[in-house]
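[1] My questions are about this predicted structure, shown below with the sequence.
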Amino acid sequence: MKINGVLIDNTFAEAFPMKATRLIITAMNDTWANHAAQALTGFATSVIACGCEAGIERPLTPSETPDGRPGVAVLLFTMSKKELGKQIQNRVGQCVLTSPTSACFAGFDEGEPIDLGKQLRFFGDGYQISKKLGTRRYWRIPVMDGEFLCEEMTRFTKGIGGGNFLMLARDQAAALAASERAVAAMQKIRGVIMPFPGGVVRSGSKVGSKYKALLASTNHPFCPTLRGAVSSALTPDIGAVLEIVIDGLDVASIEEATRVGIRAACRGRGHGLIRISAGNYGGSLGPYHFHLRKILR
Amino acid sequence: MSALIFELLDPPGRSLDLAGLNPASLAGKSLDAIRRLRLPYGRRRKALGDLFKVSGDASSELSILGVNRHCHQIGRGMADGILVVRGHAGDGLGREMSGGQIRAKGNAGDGVGAGMTGGSITLTGSVGDRAGGLVPGATRGMNEGMIRIGKSAGARTGERMRRGFIVIAGDAGAHTGERMIAGTIVVLGQCGVHPGIGMRRGTLLLAKAPTSMTPTFNDCGEFELAIIAILKNYIASHDRRLKRRLEIFTRARRWCGDMSYGGKGEIFIASEN
């Protein structure tokens, strides 16, 4: 299978189940909503060492937010409920509560409940105020610029982490340009995030290492500088490989993001993109298999 | 299935207690059985069929038409369904109700929604004193639910209110939110003297400064707080017609009090635009 001259490998991306939640962060304007969201989703590229994978899902207009101010929807993914609770607490407490004019709300109406502002309220040192409206309880924590408003609980659902595809290109510039085209198109899809810097990862990993302490190590068959030293997955015309990792709320949204991303990467003339592949572990680790050719058919 | 309809044959001249009549209590009863129900009327009891023209079927909706100020305790203890009331109801409308909806077209007397623990009451007219307040012998007033008053409310609305939401589209009488424990009261007209007196927690949202501010409240300054937007959206989600009138609450002056009772309550007064 080829798209605009780019070979699509007959392979699949292997993904695994995660716990996912959506938070809505608002502020006086877009700039400060973004500052809070960027801080909350910082250092959240991989559960291997960050505790969670997080990213900005999309900006929200005032009509889409609970308090009628500009906002940002962010998604957080973890491997367990316990870790999700810890990550929400730490990240909202250190990155959103601290950000001027911010407020934080639950982004899901359905799913299992989990604390959002329930513990953060104690920062109010007894001056915090509860307001229950219908089934939702809000906490108002006095801070130096007014109040930090935070919903007491949010909800989490089942999510999927580890959707991915690899862009094998002539050189670094071509691989990066293809990645940028792909990420720009994928950011329009709801229910997914690309948690790595700019949505792109250069250090794709394989499971395990020659060093016992490491759970993962460099994906050496896809490293172009090792082509002559190992059993390489790269042909001589490939000079650089970049990967886009996708976490999503369901199979359909990851498939859609994969489809849109690959088509955008393959767009144009003289793009230098040679092949599209995907990372998997032989199908033994994750129950979700995203077959590239099936998705692009 | 059509609604069950009770239409008063003649306006009662003495106290008529309608406490037992709600959709759940009448479910499964035949029209004949309903007509035979005996209601307290003055110092005696009278068959429902002698007072009302009964039509329709027993369902989740009940309409009581043509009520007057002698018709008390309409919807008392109601837990489910819809109760439609036409006319000027007496005291205790929706008293101690725990669920369902009362939709009243007209005025009502004292104690509307007193001691209620759930559900909603919507009135197009005015109400008497102590809406959402206490029932005799209780230590707490309204404890959940929503009361929306289309015109004005009398004195002591939300007295000892514990939780819930009261919206008064018109004026409110003296001592609104007196000894309030928590909850929210919104007054879109003029509020009478000393709102929130004895208040422990809770929020009063006033469109205008009260006739006389409670002396035991302290001025905290003027703010544009996200919680005000949340309250506005919450009210507008129940009544879209109020959306434009709520626009006045962009900035609001916050008064905290009652300082004699811990000072954790608050009164927001919309800033003049």
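    Nice, thanks for sending it over.
[2] ranges for the helices of the stretch 151-297 of chain A?
    In the stretch 151-297 of chain A, the helices defined using DSSP state H, counting those that start in this stretch lie at A:172-186, A:251-265, A:292-296.
[3] and chain B, which of those helices is closest to it?
    helix A:251-265 (28.0 Å; CB to the nearest CB). C-betas here are computed from N, CA, C, even on glycine.
[4] So which residues make contact with that closest one?
    A:3, A:6, A:8, A:13, A:15, A:160, A:163, A:165, A:167, A:178-179, A:181-186, A:188-192, A:244, A:246, A:248, A:271, A:273, A:276, A:288, A:290, A:292, A:295-296 (CB atoms under 8 Å, 6 or more residues apart in numbering or on different chains).
[5] before we move on, back to that, now render the helices of the stretch 151-297 of chain A as CSV, adding mean pLDDT and mean neighbour count.
    Formatted as CSV, those follow (pLDDT from 0 to 100; neighbours: other CB atoms under 10 Å in any protein chain shown):
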stretch, mean pLDDT, mean neighbour count
helix A:172-186, 97, 20
helix A:251-265, 98, 21
helix A:292-296, 96, 16
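[6] Tell me how far stretch B:128-144 lies from the chain's centre.
    10 Å (CA atoms, centre = their mean, to the nearest Å).
[7] Straight-line length of that stretch, end to end?
    20 Å (CA to CA, to the nearest Å).
[8] tell me the mean pLDDT for that stretch?
    Across stretch B:128-144, pLDDT averages out at 97.
[9] for stretch B:61-74, same thing?
    On average, stretch B:61-74 scores 96.
[10] repeat for stretch B:83-98
    97.
[11] Show me what from the stretch 51-200 of chain B comes close to chain A.
    For the stretch 51-200 of chain B, the residues in contact with chain A (CB under 8 Å from any CB of the partner chain) are B:163, B:165, B:182, B:184.
[12] In this structure the second one contacts B:T184, no?
    Yes. Under the criterion of CB atoms under 8 Å, B:F165 lies in contact with B:T184, with a separation of 5.0 Å.
[13] Quick check: bridge partners of the closest residue to chain B within the stretch 151-297 of chain A?
    Minimum separation of the stretch 151-297 of chain A from chain B (CB to the nearest CB) falls at A:E151, amounting to 9.5 Å. Beta bridges link A:E151 to A:Y138, judged by DSSP bridges.
[14] So, low pLDDT: which residues of the stretch 1-150 of chain A?
    In the prediction, the stretch 1-150 of chain A carries no residues with pLDDT under 70.
[15] if you set the cut-off to 90 instead, what comes out?
    The model of the stretch 1-150 of chain A has pLDDT under 90 over residues A:48.
[16] And the helix or strand containing B:I166, what does it pack against?
    Using DSSP states H and E, B:I166 sits in strand B:163-168. Contacts defined by 3 or more CB pairs under 8 Å, 6 or more residues apart in numbering or on different chains; DSSP states H and E place strand B:163-168 against strand B:143-149, strand B:184-187, helix B:226-238.
[17] for chain B, what are the nearby residues on the stretch 51-200 of chain A?
    Going by CB under 8 Å from any CB, the residues of the stretch 51-200 of chain A near chain B are A:66-69, A:103, A:129-134, A:138, A:140, A:146-147, A:149.
[18] filter those to the buried ones?
    Buried by 16 or more other CB atoms under 10 Å in any protein chain shown: A:66-69, A:103, A:129, A:131-133, A:138, A:140, A:146-147, A:149, out of these.
[19] coming back round to it: so what touches the strand holding B:I166?
    By CB under 8 Å, 6+ apart, strand B:163-168 touches A:132-133, B:113, B:116, B:131-132, B:142-149, B:152-153, B:157-158, B:176, B:182-189, B:234-235, B:238-239, B:242.
[20] at 6 Å instead, please
    B:132, B:142-149, B:153, B:158, B:182-187, B:235 (CB atoms under 6 Å, 6 or more residues apart in numbering or on different chains).
[21] B:K232: how many residues sit nearby?
    If you count neighbours by other CB atoms under 10 Å in any protein chain shown, B:K232 ends up with 22.
[22] ok, now B:M180?
    The number of residues near B:M180, taken as other CB under 10 Å, comes to 32.
[23] again, but for the one 10 residues further on
    Other residues lying near B:Q190 total 16 when counted by other CB under 10 Å.
[24] Please tell me how far it sits from A:A54.
    Using CB to CB, to the nearest Å, we find B:Q190 at a distance of 49 Å from A:A54.
[25] Start and end of stretch A:281-297, how far apart?
    23 Å.
[26] In that stretch, which residues are buried?
    Result for stretch A:281-297 [16+ other CB under 10 Å]: buried residues A:286, A:288, A:290-292, A:295-296.
[27] Let me have these in TSV, extended by distance to chain B.
    Converted to TSV, these look like this (distance: CB to the nearest CB, whole Å):
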residue	distance to chain B
A:G286	40
A:Y288	38
A:F290	39
A:H291	44
A:L292	44
A:I295	40
A:L296	43
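[28] and those as JSON lines, adding distance to B:K208?
    Shown next, in JSON lines, are the buried residues of stretch A:281-297 (distance: CB to CB, whole Å):
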{"residue": "A:G286", "distance to B:K208": "62"}
{"residue": "A:Y288", "distance to B:K208": "59"}
{"residue": "A:F290", "distance to B:K208": "60"}
{"residue": "A:H291", "distance to B:K208": "66"}
{"residue": "A:L292", "distance to B:K208": "65"}
{"residue": "A:I295", "distance to B:K208": "61"}
{"residue": "A:L296", "distance to B:K208": "63"}
